[in-house]
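K.L.:
based on what follows, work out the 3D shape:
(chains A and B)
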Number of protein chains: 2
Amino acid sequence: MRSLARRILEGDIRAASRLMRDIDDRIPSALDALKELYPQTGRAYIIGITGPPGSGKSTIVDKMVDIFRKEGKTVGIVAVDPTSPFTGGAILGDRIRMQRHATDEGVFIRSLATRGCLGGLSRSTQDIINVMDAMGKDIILVETVGVGQDEVEIVNTAHTSIVVLIPGLGDDIQAIKAGIIEIGDLFVINKCEREGSEKMERDLKMVLEMSHKREDGWDPPIFKTEAILGKGIFELVYGIYRHKQALEQSHVLEKKLRERAKATFLEVLETEVMSRFIQKIEKKDQWDHILDELIKRRIDPYSLAEKMMAEELKDH
Amino acid sequence: MRSLARRILEGDIRAASRLMRDIDDRIPSALDALKELYPQTGRAYIIGITGPPGSGKSTIVDKMVDIFRKEGKTVGIVAVDPTSPFTGGAILGDRIRMQRHATDEGVFIRSLATRGCLGGLSRSTQDIINVMDAMGKDIILVETVGVGQDEVEIVNTAHTSIVVLIPGLGDDIQAIKAGIIEIGDLFVINKCEREGSEKMERDLKMVLEMSHKREDGWDPPIFKTEAILGKGIFELVYGIYRHKQALEQSHVLEKKLRERAKATFLEVLETEVMSRFIQKIEKKDQWDHILDELIKRRIDPYSLAEKMMAEELKDH
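P.N.:
The predicted structure follows:
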């Protein structure tokens, strides 16, 4: 029988879905498939898109996909959802607005939920991106909610990062801007028909002008969109292409690729090492004892970690 | 000379600040102090407060602190800020509204920024909570922005978790609610003078009623506040006390403590193990070679991680 990876490389979409489920469920054999697929990765152009809930990211993604598809490009979409830690389900679940692309064979959509504290959002996202890349998707859109640390990491490994804002987000808007300024290669003010969009554009421009010159020499442009009507989306896509060009002509692309490779490798290493340690604890049925000792303050977590490392690591 | 930990236990605030900086900077000796402090932890009541940017969390925290202080309780505040990955600085930086507590010796405020991908938000937060706990703070308030995965973890380890919402957050509000329902022990609709607050309360109530009965039997109440005017804050604090009581009378407290201990231990283990691996790579000056191999697809990150584990771990 052909391997799962082979079937994916031959264009079998159900095999791809299967592997992604296996990745979600942390089924060990998924690693074999990922290993087999990896040599076929590195061709897709990865676009990260982030912004607060309600900013219309999904709609923007939806409209961009229309344009990419008209240009004949195939698209992968990874919608990264923060997860309820109790149910294991994704917060945003199915993206209804993207359903109409679901019947398009050139578009592959995957909502990504994470569970527990082990091998989180970033690891799964990297794995899924690799699968879509190996599937031959020309463009991979990674959509994340908010600006949490994991999400910053995810967006950071994209070739082009888009930050979406909307007018009237409240008091903290100045603060948000200050923090996201270095994340965004492109900025979008969506729902630009709303009151306050002019002021927001002025403020954002000012903050961008005041911030340090980027080492790649790129000046992040601001786009005003009304995504629900499709307004401003062509300009945004064109902006992505301009950034892509600038990136390819600078040394920054190489640097981004290295950062991305490093991040992925460390994520994988972390997940695999930690699951080894946890297996050890579970095999010896030690959790109850460990937690008792910790709660009764008979040992501290720092010394316990060192003890365990001394037991498990060579040349300690 | 007395150790840093000893000085902290004797009430030396500058020593506490110093240790927290060392924790931020990952200075190895910080571990010794944390070990020494750990037996003195486990007394503080930890309250997590989360919600989207602009929802007024800082103001709510500020007003709650007024009440706790009037009751004679000492307070620690950990403001967890997602970090710009480029500058290493915190997004929200100084919380101006909380500055007026800065001269109060009974209040210790710490903004928490994180850097890089190693040992992130949760680890540092746990460490800082432990320091404040050992300092003898009666109440520790942990404020986080948004609902990212790390933040969910942080809030999850609190005794009482508060989710703050505001009316008119946009389209995704239904979706947000569905995801945060299980995180919140208490819900706050802040800026309740705004249009849409009644509807939001109705919707939230409905979602709460429809969701699974919690195993602790606790029905999460909804509080309407106008924090800037101090409205509804007494009720909220009273709600926290009611939840504390319910928690102490149920088996859930023990379960929470165990979860918290496990999370902290795994965070510590992860950080320490990973920094060991990274040291190995850096000592042998292997990064350039590794990244070259990965980028050229001569090796995949999954096989490379396995290879490194075989080299470093016993009984592989």
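K.L.:
and the gap between residue A:106 and chain B?
P.N.:
Separation of residue A:106 from chain B (C-beta to the nearest C-beta, to the nearest Å) stands at 25 Å. (Each C-beta comes from the backbone N, C-alpha and C, glycine too.)
K.L.:
that residue contacts residue A:66, correct?
P.N.:
No. At 11.5 Å, residue A:106 does not count as touching residue A:66 under the criterion of C-beta atoms under 8 Å.
K.L.:
give me the next element, helix or strand, following the lowest-mean-pLDDT helix or strand in chain A.
P.N.:
Across the helices and strands of chain A, mean confidence by mean pLDDT, DSSP states H and E is lowest for helix A:173-180: a mean of 53. For helix A:173-180, the following helix or strand on the C-terminal side (DSSP states H and E) is strand A:186-189.
K.L.:
for that next one, which outside residues touch it?
P.N.:
Outside strand A:186-189, the residues within contact range by C-beta atoms under 8 Å, 6 or more residues apart in numbering or on different chains are A:51, A:60, A:160-167, A:197, A:200-201, A:204, A:208, A:220-225, A:232, A:236, A:239-240, A:243.
K.L.:
just the ones of these in helices?
P.N.:
When those are checked against helices using DSSP state H, the ones located there are A:60, A:197, A:200-201, A:204, A:208, A:236, A:239-240, A:243.
K.L.:
any weak-confidence spans in chain A?
P.N.:
Chain A contains residues with pLDDT under 70 at A:53, A:81-100, A:102, A:113-121, A:145-152, A:169-180, A:316.
K.L.:
tell me what angle the longest helix seen in it forms with helix B:252-283.
P.N.:
Longest among the helix segments of chain A by residue count, using DSSP H, is helix A:252-283. Taking axes from the mean of the first three to the mean of the last three C-alpha atoms, to 10 degrees, helix A:252-283 and helix B:252-283 form an angle of 130 degrees between their directions.
K.L.:
hmm, the following helix or strand past helix A:252-283 touching chain B?
P.N.:
Remark: after helix A:252-283, the chain's next helix or strand is helix A:287-295, criterion DSSP H and E. Yes. Part of helix A:287-295 sits close enough to chain B to count as contact by C-beta under 8 Å from any C-beta of the partner chain, namely A:287, A:290-291, A:294-295.
K.L.:
touching, residue A:140 and residue A:131? I think so.
P.N.:
No. Residue A:140 is not in contact with residue A:131 according to C-beta under 8 Å; the separation is 9.9 Å.
K.L.:
residue A:192: what's it in contact with?
P.N.:
Neighbour list for residue A:192: A:167, A:224-226, A:231-232 [criterion: C-beta under 8 Å, 6+ apart].
K.L.:
now it: how far from residue A:226?
P.N.:
Counting by C-beta to C-beta, to the nearest Å, the gap between residue A:192 and residue A:226 amounts to 6 Å.
K.L.:
mind listing the shared neighbours of these two?
P.N.:
Counting by C-beta under 8 Å, 6+ apart, the residues touching both residue A:192 and residue A:226 are residue A:232.
K.L.:
and residue A:107, how many neighbours?
P.N.:
Residues within reach of residue A:107, counting by other C-beta atoms under 10 Å in any protein chain shown, total 21.
K.L.:
go on, residue A:59?
P.N.:
Residue A:59: 23 surrounding residues under other C-beta under 10 Å.
K.L.:
who's in contact with the closest residue to it other than its chain neighbours?
P.N.:
Taking C-beta to C-beta, 6 or more residues apart in numbering or on different chains, and ignoring the residues beside it in sequence, residue A:59 has residue A:227 as its nearest neighbour in space, at 4.1 Å. For residue A:227, the contacting residues are A:56, A:59-60, A:62-63, A:190-191, A:233, taking C-beta under 8 Å, 6+ apart as the criterion.
K.L.:
any idea how far residue A:263 lies from chain B?
P.N.:
If you measure residue A:263 against chain B using C-beta to the nearest C-beta, the figure is 6 Å.
K.L.:
make sure that residue is actually in contact with residue A:129.
P.N.:
No. In this structure residue A:263 lies outside contact range of residue A:129 using C-beta under 8 Å: 11.2 Å.
K.L.:
which of the two has more residues huddled nearby?
P.N.:
Neighbours per residue, other C-beta under 10 Å: of residue A:263 and residue A:129, the larger number sits with residue A:129, 24 against 20.
K.L.:
now the strands for chain A?
P.N.:
Secondary structure of chain A (DSSP state E): strands located at A:45-51, A:75-80, A:107-112, A:139-145, A:160-165, A:186-189, A:222-224.
K.L.:
now check the first one, is it near chain B?
P.N.:
This means strand A:45-51. No. Contact of strand A:45-51 with chain B is not found when judged by C-beta under 8 Å from any C-beta; the minimum separation is 10.6 Å.
K.L.:
now tell me what touches that strand from outside.
P.N.:
The set of residues that contact strand A:45-51 without belonging to it, under C-beta under 8 Å, 6+ apart, is A:57, A:60-61, A:129, A:133, A:138-147, A:151-152, A:154-166, A:180, A:183, A:188, A:190, A:240, A:244.
K.L.:
now do the same contact list for the residue nearest the centre of chain A.
P.N.:
With the centre of chain A defined as its mean C-alpha position, the nearest residue by C-alpha atoms, centre = their mean is residue A:154, 3.8 Å away. Taking C-beta under 8 Å, 6+ apart, we find residue A:154 in contact with A:48, A:80, A:121-122, A:125, A:142, A:144.
K.L.:
hmm, back to that, give me the buried entries from the contacts of residue A:227.
P.N.:
Among the contacts of residue A:227, those that count as buried by neighbour count (16 or more other C-beta atoms under 10 Å in any protein chain shown) are A:56, A:59-60, A:62-63, A:190-191, A:233.
K.L.:
these: which two are farthest apart?
P.N.:
Put simply, by C-beta to C-beta the two of the buried ones among the contacts of residue A:227 set farthest apart are A:62 and A:191, 14.8 Å from each other.
K.L.:
residue A:123 is in contact with residue A:266, isn't it?
P.N.:
No. Between residue A:123 and residue A:266 there is no contact under C-beta under 8 Å: 9.4 Å.
K.L.:
circling back to that earlier point, where's the residue nearest to residue A:59 relative to chain B, distance?
P.N.:
Separation of residue A:227 from chain B (C-beta to the nearest C-beta): 11 Å.
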